[in-house]
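> let's see this in three dimensions:
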Amino acid sequence: MLAPNLQDVQARFRSQMPVTAKWAYFDHGAVAPLPEPVRVAIAAWLQEAAEEGDVPWQSWSQQVERTRLAAANLVGAEVEEIALVPNTTIGISLVAEGFPWTEGDNVVTLANEFPSNLFPWMNLASRGVETRKVPVDGGRVDLNRVNDAIDSRTRLVSLSWVGFASGWRIDPRVMAEMCHRKGCLFFLDAIQGLGVFPLDVEATGIDFFAADGHKWLLGPEGAGLLYIRGEHLELLRPLGVGWHSVPSSGGFSSEMNLRPSAAKYEGGTQNMAGMTGLGASLDLLSELGVGPTGSPVADLVLAITDYACERLSLLGAVLLSPREAENRSGIVTFQIPGQDPAEIRKALLAAGIVTSCRGGGVRISPHGYNMRQEIERMIETLSPRVHAGNAPRGRGG
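Below is the predicted model of the structure:
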């Protein structure tokens, strides 16, 4: 049973999620449903845009800046260290392409990374930069192996906070310390953890992170965050510069004196609707207690996934996600012996349960508003398939 304070957080959270009227939604590791405050914020923007054109543009711009401030507060950053970007890929690429590489340098990452945290680094091969992919066994990331891959020519290590298929969660502080001891920087792909687990950029010492808002942050697609530690703002070559990259943003000056902040990367027209929606989701998470030093939502997510693993194991499912205490997350991937994951996902969807197929199995990624009753619905749907798979087979004639 949840503690009373967590029950209260869960109830308040669930009351803001319209998706619960139709679905047991276990797919936040892919695309999250929008909370009611996000729907309201975007709907209001749409109405203004349709009825008034650009007359309210200044108030929209102010809302975007409130989103930036909310993002900074979420992770304990200075507001000047936050860039509002379309997605994680753009955030990673701005660092990859803007970094002052020298031929012969290398970047270290994992062999099982999501493509967005591989391809931007591999794309540097034409500039003489090697991408070292550290093997991962059984989904467990061994940071000592990462450390061993770092040498005197390693300029940067880039790892996912949470593995998109395995659900393995690393400790960003430990990895940042390893990198700094060896004289390189640390980039965190934060998309599968931010919005659930607390991240204090100052305490962890990470140098960069990127995260799209459409997963655990509960925002719309096309609105994300890039963090650049203040001391590195002059390290990176600015890319995509435009009229919003200068202090007179929105003006028509021909003087290119770039902003002394991460906002210099927001060169052109912004996704006003998306950033407005992201701001509303960040406000909701803040109200629920998610911040740089703590998160009751993390407790709820770990509790519901622990329960799911317990029930799946009793059912006879094979868990593909390691669940060591400090490394578990909101992602659980499993198999039913003898059953096609795609067919299982299809059957669950027909029963009103939303999942994905990743890493050779069915992936569930529930958020803090999901209930044990929804896990039981999943178990009831899976049970006949498990029993069918375990049924004795007749001898061929």
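
> what ranges do the strands span in the stretch 151-300 of the chain?
For the stretch 151-300 of the chain, the strands defined by DSSP state E, counting those that start in this stretch cover 154-160, 185-189, 208-212, 224-228.

> the longest one to strand 208-212, inter-axis angle?
Which is strand 154-160. Here strand 154-160 runs at an angle of 30 degrees relative to strand 208-212 (axes from the mean of the first three to the mean of the last three C-alpha atoms, to 10 degrees).

> distance between strand 154-160 and the chain's centre?
Chain-centre distance of strand 154-160: 17 Å, with C-alpha atoms, centre = their mean, to the nearest Å.

> avg pLDDT for it?
The average pLDDT for strand 154-160 rounds to 98.

> over to the second one?
Confidence over strand 185-189, taken as the mean pLDDT, stands at 98.

> for the last one, same thing?
Taken as a whole, strand 224-228 has an average pLDDT of 98.

> what's that strand packed up against?
Under the contact definition 3 or more C-beta pairs under 8 Å, 6 or more residues apart in numbering; DSSP states H and E, strand 224-228 sits against strand 82-85, helix 88-98, strand 208-212. Every C-beta, even on glycine, is put in place using the N, C-alpha and C of the backbone.

> what do you get for the longest one?
Packed against strand 154-160 by the contact rule (3+ C-beta pairs under 8 Å, 6+ apart) you find strand 106-110, helix 172-181, strand 185-189.

> so how far is the second one off the chain centroid?
Going back to what we said before, that points to helix 172-181. 20 Å.

> now the lowest-mean-pLDDT helix or strand in the chain, how far from the chain's geometric center?
Least confident helix or strand of the chain, by mean pLDDT, DSSP states H and E, is helix 372-390 with a mean of 88. Offset of helix 372-390 from its chain centre (C-alpha atoms, centre = their mean): 28 Å.

> same check on stretch 296-305?
That offset, for stretch 296-305, works out to 16 Å (C-alpha atoms, centre = their mean).

> average model confidence for it?
Regarding stretch 296-305, the rounded mean pLDDT is 98.

> just the CA coordinates of that stretch, formatted as PDB?
The C-alpha trace of stretch 296-305 is given here as PDB (Å, rounded to 0.1, in the frame of the first residue of the first chain):
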ATOM      1  CA  PRO A 296       7.100  11.800  -5.000                       C
ATOM      2  CA  VAL A 297       6.300  10.900  -8.600                       C
ATOM      3  CA  ALA A 298       9.500   8.900  -8.700                       C
ATOM      4  CA  ASP A 299       8.300   6.900  -5.600                       C
ATOM      5  CA  LEU A 300       5.000   6.300  -7.300                       C
ATOM      6  CA  VAL A 301       6.600   5.100 -10.600                       C
ATOM      7  CA  LEU A 302       8.900   2.700  -8.800                       C
ATOM      8  CA  ALA A 303       6.100   1.400  -6.700                       C
ATOM      9  CA  ILE A 304       3.800   0.600  -9.700                       C
ATOM     10  CA  THR A 305       6.600  -0.900 -11.700                       C
END
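
> neighbouring contacts of it?
Stretch 296-305 has contacts (C-beta atoms under 8 Å, 6 or more residues apart in numbering) with 2, 5-6, 9-10, 13, 195-198, 285, 288-290, 328-332, 364, 366-372, 375.

> related to what we said a few turns ago, in CSV, list the strands of the stretch 151-300 of the chain along with distance to Ser295 and mean neighbour count.
As requested, the strands of the stretch 151-300 of the chain are exported to CSV (distance: least, C-beta to C-beta, whole Å; neighbours: other C-beta atoms under 10 Å):
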stretch, distance to Ser295, mean neighbour count
strand 154-160, 19, 23
strand 185-189, 16, 25
strand 208-212, 15, 28
strand 224-228, 17, 28
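
> now the ones you listed as JSON lines including distance to Leu74?
Listed next are the strands of the stretch 151-300 of the chain as JSON lines, based on distance: least, C-beta to C-beta, whole Å:
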{"stretch": "strand 154-160", "distance to Leu74": "18"}
{"stretch": "strand 185-189", "distance to Leu74": "14"}
{"stretch": "strand 208-212", "distance to Leu74": "10"}
{"stretch": "strand 224-228", "distance to Leu74": "9"}
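
> for these, which one sits closest to Val79?
Closest of these to Val79 is strand 224-228, at 11.0 Å (criterion: C-beta to C-beta).

> follow-up on the earlier one: of the helices and strands packed on strand 224-228, which stretch is the most buried?
strand 208-212 (a mean of 28; mean count of other C-beta atoms under 10 Å).

> next, the angle from that one to strand 185-189.
Using the same axes, to 10 degrees: strand 208-212 against strand 185-189 is 10 degrees.

> coming back round to it: select, out of the helices and strands packed on strand 224-228, the one closest to Ser313.
strand 208-212 (30.9 Å).

> how far does that closest one sit from its chain's centre?
On C-alpha atoms, centre = their mean, the centre of strand 208-212 falls 8 Å from that of its chain.

> hmm, who's touching it?
75, 85-88, 90-92, 95, 185-191, 194, 199, 201, 217, 221, 223-229, 232.

> ok, and the closest non-adjacent residue to the spatially most central residue of the chain?
By C-alpha atoms, centre = their mean, the chain has its centre lying nearest to Ile191, at 1.5 Å. Nearest non-adjacent residue to Ile191, counting by C-beta to C-beta, 6 or more residues apart in numbering: Ala211, 4.4 Å away.

> so what's the one you found bridging to?
Leu225 (DSSP bridges).

> so how far is Met256 from it?
29 Å (C-beta to C-beta, to the nearest Å).

> try Glu103
From Glu103 to Met256 the distance is 29 Å (C-beta to C-beta).

> more neighbours: the two, which one.
Met256 (11 against 8; other C-beta atoms under 10 Å).

> who are the neighbours in contact with the more buried one?
Contacts of Met256 (C-beta under 8 Å, 6+ apart): 241, 245-246.

> so which of the strands of the stretch 151-300 of the chain is nearest Gly352?
strand 208-212 (26.5 Å).

> one step back: for the least confident helix or strand of the chain, buried residues please.
374-375, 377-379, 381-382, 385-386 (16 or more other C-beta atoms under 10 Å).

> got it, and stretch 269-284?
270-284.
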